[in-house]
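Q: Sharing a model that was predicted from the sequence below.
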Amino acid sequence: MKEEIHIQSPGAGSAPALLRRVSWGAIFAGLFVTIVVQMILTLLGASIGAATVSPTTDANPTKGLATGSAIWLVISGLISLFCGAYVAGRLSGGPRRTDGLLHGILTFSVAEVAMLLLLTTAAGAVLGGAGTLLGSLASTGSKEGGSQDQQSGMFSAVQGEIKESFPQAGALLPPTGRSGDQQSPGELTGLAQKDPELATALARFAAKGGGAQAATERDRLISLLTSKHGMDQEQATTLVTQWDQNFQQSKAQAGQQVRQTGEKVARGVSKGALWGFIAMILGLGAAAWGGWVGTASLRRYEQTFPAAA
């Protein structure tokens, strides 16, 4: 009695071991499909998002727009990766569905690397343009400032540093530099703005941390106030002490703000990295599924071989 053996294969007369297991043509075709579908869906999302914004009636027209854009970006990315991986799996010609799955994963990998290179190139161009602009501004500033006196330029720089470090000094300093018979921390800043030597000593005092950490600079400040500005020892010491207390308070507040900003940045980076990880895992799954489905859609041919007698 004769028996018949039925064997299913993706192509008539094709031995799986003899087929090419990786088709880069199919992968690049899937990559192009992914990019095009992503562009189409991005334009669609931008159109819908812009249509929902009503600046004339809404108090905050952009509220929720960032969240909606992020959600649509993830959804459109998953759809585009599935389509591209489906094309790669369909064109791979692999004998097994696992081959299509692997082609989908490769399509996802190539798409991510291409996007990374694109972002890196764009970021490099932006940074390069910013560097060129800053260099041009610095060159222009040096040319304009070349004719000025060197001491005046240094005084201006120190004065700017003092103003930047102590923005509240202007509010503390009355127009005359005094408020009745009382001294204020802003009075020393006002004197330093008029005296380059005093400004330099004050900047060194601040640079070394003030207080007991800069005793030599403190004595230098007191000496300048007594010799050049007609103050007695007690008055000069009181003025420097008041300025130093205000400086220490401002430095502590600035340090607290820096720590708070650092904590916010760290939390933002952690949250962004976590959501990026989740998005990439979802994209990898969509690409693998697309490649699997693409290969599964290939027609299967059934061959019949008579059994040996």
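A: All right, it came through fine.

Q: Using CSV, list the CA coordinates for stretch 103-116.
A: The C-alpha trace of stretch 103-116 is given here as CSV (Å, rounded to 0.1, in the frame of the first residue of the first chain):
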residue,chain,number,x,y,z
HIS,A,103,13.7,41.1,9.7
GLY,A,104,11.2,43.2,11.6
ILE,A,105,13.7,43.6,14.5
LEU,A,106,16.5,44.5,12.1
THR,A,107,14.2,47.1,10.4
PHE,A,108,13.5,48.6,13.9
SER,A,109,17.2,48.7,14.7
VAL,A,110,18.2,50.4,11.4
ALA,A,111,15.4,52.9,11.8
GLU,A,112,16.5,53.8,15.3
VAL,A,113,20.1,54.2,14.3
ALA,A,114,19.1,56.4,11.3
MET,A,115,17.0,58.6,13.6
LEU,A,116,19.9,58.9,16.1
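
Q: in it, what's buried?
A: Neighbour counts over stretch 103-116 (16 or more other Cβ atoms under 10 Å) mark 103-108, 110-111 as buried. All C-beta spots, glycine's among them, are computed from the backbone N, C-alpha and C.

Q: quick one: contacts of it?
A: Here stretch 103-116 makes contact (Cβ atoms under 8 Å, 6 or more residues apart in numbering) with 22-23, 26-28, 30-31, 34-35, 81, 84-86, 88-89, 92, 94, 280, 283-284, 287-292, 294-295.

Q: Give me the buried subset of these.
A: Of the contacts of stretch 103-116, these count as buried by 16+ other Cβ under 10 Å: 23, 26-27, 30-31, 34-35, 81, 84-86, 88-89, 92, 94, 283-284, 287-292, 294-295.

Q: low pLDDT regions in this protein?
A: Applying pLDDT under 70 to the chain flags the ranges 1-20, 54-64, 95, 122-186, 299-309.

Q: Check whether L191 really touches L198, as I assumed.
A: Yes: taking Cβ atoms under 8 Å as the definition, L191 is a contact partner of L198 at 5.9 Å.

Q: Give the residues shared as contacts by these two.
A: Common neighbours of L191 and L198 (criterion: Cβ under 8 Å, 6+ apart): 225, 229.

Q: related to what we said a few turns ago, taking the buried ones among the contacts of stretch 103-116 one by one, which sit in helices?
A: 26-27, 30-31, 34-35, 81, 84-86, 88-89, 92, 283-284, 287-292, 294-295 (DSSP state H).

Q: measure W243 to T226 for me?
A: Distance of W243 to T226, computed by Cβ to Cβ, to the nearest Å: 15 Å.

Q: between the two, who's got more neighbours?
A: W243 (26 against 16; other Cβ atoms under 10 Å).

Q: Secondary structure element holding the more buried one?
A: Element membership for W243, per DSSP states H and E: helix 233-296.

Q: Which other helices and strands does that helix contact?
A: helix 65-92, helix 97-145, helix 185-194, helix 196-207, helix 215-228 (3 or more Cβ pairs under 8 Å, 6 or more residues apart in numbering; DSSP states H and E).
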